[in-house]
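**Student:** my questions are about this predicted structure, shown below with the sequence.
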Amino acid sequence: MDLKNLFSKNKAADPGEAKTIKDYLGLIITVAVACIIVLLYFFLIKPVFAKQESMIQDKYYKLSETDKMNSQINSLAKKVEELEKVREEKFKLFVSEQEVEELYQLISFSALRNQLKVIKLTRGEEEAIREGATDDTTLPVDYYKIFVEYDIEGKFPNYLKLKEEIAELDKLIVFEKEEVKTTKSRNIIASVKISLVRMPTR
C-alpha cells in the first residue's frame, strides 16, 4: 500500500466532505455540559450559598445583639445594686424603742414649728411579721410592724411641710392611711396612720 497516496487522498477528500451531526457532537456535548453546570450553579448551588451567607450574617447579627443586651443587663444590674445600696443607706429600720420615741418628738416639734395642732398622737399595736405571712407563732419573727396614728389640724401647706419632714427621715416609714378634711375655718384636719418597721431583738 502506498501510504503517500492514502494521505493525499484523505487530504483531498476532507474539504469536499459534507459535515454531519457527528462532527459537531463533541461541541454540542461541551456546550450542553457547560449549560447544565451554569443552570446548576444559578438554581441549586448559588441559592444554597446565598442561604448560608444569610444565615451566617443573621448569626453574627444575633451575637452582636446578644452582646449589646448582655452589656445592658450588666449595666442595669449595677444600677440596681447602687439603688439598693442607696435605699439601704437612706431607709433604715427602727432598731430600738428610743428611735420610735424620737419619731413622736419629730411629729410634735414639726407641728409646733409649722403652726399645726396635734389633736391625737397614739401608738397602735405592734404586729409580728413572720416568713410566709403565717400564723404559726413558733416560727421566728422576721420584723415588727409598729403602727402610729395622729390627727393634725392647721393650714394645708403647713401640713405638707410636716409630711415632707417625716418622709425625709432615713427610716422606713409607710403611710398606711391618710384622710384630709376641710373645716369651716378653712383649715384641714388630717387623720394619718403610718407604720414603722422594727427589727426584733436577737
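**Tutor:** Thanks, I have it. Residues are numbered from 1 along each chain as shown.
**Student:** who does residue 196 form a beta bridge with?
**Tutor:** Note on residue 196: beta-bridge partners by DSSP bridges are residue 146, residue 173.
**Student:** OK, contacts around it?
**Tutor:** If you count contacts by Cβ atoms under 8 Å, 6 or more residues apart in numbering, residue 196 has them with 94, 100, 103, 145-148, 171-173. All C-beta atoms are positioned from the backbone trio N, CA, C, and that covers glycine.
**Student:** and with 10 Å instead?
**Tutor:** Neighbouring residues of residue 196 by Cβ atoms under 10 Å, 6 or more residues apart in numbering: 93-94, 99-100, 103, 123, 126, 144-148, 169, 171-174.
**Student:** give me the buried subset of those.
**Tutor:** Among the contacts of residue 196, those scoring as buried are 94, 100, 103, 144-148, 169, 171-173 (criterion: 16 or more other Cβ atoms under 10 Å).
**Student:** out of these, which one has the lowest pLDDT?
**Tutor:** In terms of pLDDT, the lowest of the buried ones among the contacts of residue 196 is residue 94, showing 55.
**Student:** identify the single longest helix in this protein, thanks.
**Tutor:** Taking DSSP state H as the assignment, the helix of the chain that covers the most residues is helix 46-90.
**Student:** outside of the first helix or strand past that helix going along the chain, which residues touch it?
**Tutor:** Under the assignment DSSP states H and E, the closest C-terminal helix or strand after helix 46-90 is helix 97-113. Helix 97-113 has contacts (Cβ under 10 Å, 6+ apart) with 92-94, 96, 116-119, 121-123, 126, 146, 148, 150, 152-154, 158-159, 161-166, 169, 171, 173, 192, 194, 196, 198.
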